[in-house]
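> mind looking at a prediction? Sequence and model below.
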Amino acid sequence: MNRRGPLVFCLAFFLAAAAAQAQAPERHPRPPLLTGPVADIIIAGGTVVTMDSDHRVLEDGAVVVAGSRIVAVGPRKTLEPLYRAVRRIDARGRMVLPGFINTHTHAAMSLLRGVANDMTLEDWLTQHIFPAEKRNVTEDFCVWGTRLAALEMIEGGTTTFADMYYFEDAVARETKAAGLRGVLGETVIDFPVPDSQSVDQSLAQIEQFLEHWKGDPLIRAAVAPHSPYTCSADTLKRAAALARRFNAPLLIHVLETRHEREEMLEKHHMSSVAWLDSIGFLGPDVLAAHCVWVDEADIRTLAARGVGCAHNPSSNAMLASGVAPVPAMLAAGVRLGLGTDSAAGSNNDLNMMEEMDLAAKLQKVSRLDPKALTAWQALEMATIGGARALHMEDQIGSLEVGKQADIILLDTDTAHSVPAYDVAGAIVYSMKASDVETVIIAGRVVRDGRRVLTLDPPSILLKAREYAEKVKKSLAPAVEK
């Protein structure tokens, strides 16, 4: 019996099948190897939401990264054959966005998460937060609190955050180690705080802080006088002079509550905004958090001075502070971003996806107008709007050539995100922080396949639980009394 016949037939069959498979078109075939420019990363095949001035959305788009910057954005079929890439990220079934920008946090306070809930700002601060900080906040506390906050922010797609707290040099070190971009302000206040006993000491420390981080690619050191009601005119003027000597940002809380507005009117016969302007504090280097109780004159002043504002819808709702006049501020041209505030009872998380959703819905229900703040406007506030508030729109906030490669990928293969008929509506109203799959900051992949590469989650969570026990014990006598 001739056994070669079946063997030859089988071999011919498999060769024919292989040839047919090779000729069959792939959905996204890899480009041939070229001798063109080498890119570090090509993100290819996703829905690219650029957040540029035209709100371009590229189905089957691509973003090309070289070093820390974006070098090309466009259709995949056009860009992919032009570059050789060290790494290709297949973005099919993903949305590709600029990273979220959290314009107001107190990151280390994540270790006080939910320590005091369901009260006004005044009671929350004076009866709970200030005592808890006095008993617990150290440099080590701020190190681990920042690590916990960084982990949460990266997991939720935040790539840049603005911070106001203590031991901010340690906060800066941990922020940089995590690969995050930060505008980090050391607090100045007119009474002793965990890292300083006087304004003089605070300003001296801040000068060293500004000098140390000058020119860093990820960290912008800032000066953060707490508020008009906790800082005298002299403190505010000295803080502003120091910041301007270093060309550094100024971060401050402004008109968060009606109580502040009434107190300032009684004391100075003008609003906080007008008073800050009268002492020469306001300018394009200022980021004012909250701005809930601003009136028309305040809004005109903020816009005219180029002041950035951080809208914190969850915090303002949780503390019953009010609903900021966001539509009026946007209409006047105020540079307006979104923030979470702290996780210590004024919000309890650092979730920018929730902030977008709530920002839009609060405006709708408070003004009985479904178009008061649209999904596109909320998404802008979390991205390019936040960049404008920080006066960094030439560097971050959108996917455009020449900008920093701060990019996130959202997984759309989830029950809550299918189907999607409108890109902005899907992101703002349907998608969740848990959908963030990949995070790139300054061209560096810091979250890959939902795994944070720059931090050690188990050790962070263990330490957070240890600190929780310490905090509970430190507050126990006050609670019993």
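Received it, and whenever you're ready, just let me know what you need.

> and the nearest residue to residue 178 once chain neighbours are set aside, what pLDDT?
Nearest residue to residue 178, sequence neighbours excluded (Cβ to Cβ, 6 or more residues apart in numbering): residue 150, at 3.9 Å. For the C-beta atoms, the positions are set from N, CA and C on the backbone; glycine is no exception. Looking at residue 150, its pLDDT reads 98.

> next SSE downstream of the strand ranked longest in the chain?
If each strand of the chain is counted by residues according to DSSP state E, the longest one is strand 38-49. Per DSSP states H and E, the first helix or strand lying C-terminal to strand 38-49 is strand 57-66.

> poorly predicted segments of this protein, please.
1-35, 477-481 (pLDDT under 70).

> follow-up on the earlier one: what's the helix or strand for the residue nearest to residue 178?
Element membership of residue 150 [criterion: DSSP H and E] is helix 139-155.

> alpha carbons of that helix, in CSV - could you do that?
Coordinates of each C-alpha in helix 139-155 appear next as CSV, following Å, rounded to 0.1, in the frame of the first residue of the first chain:
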residue,chain,number,x,y,z
GLU,A,139,5.6,63.7,57.3
ASP,A,140,5.1,59.9,57.3
PHE,A,141,1.4,60.4,57.4
CYS,A,142,1.6,62.6,54.3
VAL,A,143,3.9,60.1,52.5
TRP,A,144,1.4,57.3,52.9
GLY,A,145,-1.6,59.4,52.4
THR,A,146,-0.2,60.7,49.1
ARG,A,147,0.6,57.2,48.0
LEU,A,148,-3.0,56.1,48.7
ALA,A,149,-4.3,59.1,46.8
ALA,A,150,-2.0,58.6,43.9
LEU,A,151,-3.1,55.0,43.6
GLU,A,152,-6.7,56.0,43.6
MET,A,153,-6.2,58.8,41.1
ILE,A,154,-4.1,56.7,38.7
GLU,A,155,-6.7,53.9,38.8
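
> tell me the helices and strands packed up against it.
Contacts of helix 139-155 with other secondary structure elements, assessed using 3 or more Cβ pairs under 8 Å, 6 or more residues apart in numbering; DSSP states H and E, are made with helix 168-178, strand 444-448, strand 451-452, helix 457-480.

> from those, which stretch is densest packed?
The densest packing among the helices and strands packed on helix 139-155, expressed as mean neighbour count by mean count of other Cβ atoms under 10 Å, is seen in helix 168-178 with a mean of 22.

> what distance separates it from the centre of its chain?
The chain centroid and the centroid of helix 168-178 are separated by 15 Å under Cα atoms, centre = their mean, to the nearest Å.

> and for stretch 112-127?
Averaged C-alpha coordinates place stretch 112-127 at 23 Å from its chain's average position (Cα atoms, centre = their mean).

> and if you look at stretch 372-389?
12 Å.

> do stretch 311-324 as well
For stretch 311-324, the separation from the chain centroid amounts to 18 Å (computed by Cα atoms, centre = their mean).

> next, the buried residues of it.
For stretch 311-324, the buried set under the neighbour-count rule, 16 or more other Cβ atoms under 10 Å, comprises 311-316, 318-319, 321-324.

> over to stretch 91-104?
Within stretch 91-104, the residues that qualify as buried are 91, 94-104, counting by 16+ other Cβ under 10 Å.

> how about stretch 113-122?
By neighbour count, and taking 16+ other Cβ under 10 Å as the criterion, the buried residues in stretch 113-122 are 113, 115-116, 119, 121.

> closest one to residue 173 out of those, please.
Taking Cβ to Cβ as the measure, residue 173 lies nearest residue 113 of the buried residues of stretch 113-122, at 22.0 Å.

> quick check: nearest residue in space to that closest one, chain neighbours excluded?
Setting aside the residues directly before and after it, residue 113 is nearest to residue 343 in space (Cβ to Cβ, 6+ apart), at 4.5 Å.

> ok, now which ones touch the one you found?
The contact partners of residue 343, by Cβ atoms under 8 Å, 6 or more residues apart in numbering, come to 109-110, 112-114, 149, 152, 349-350.
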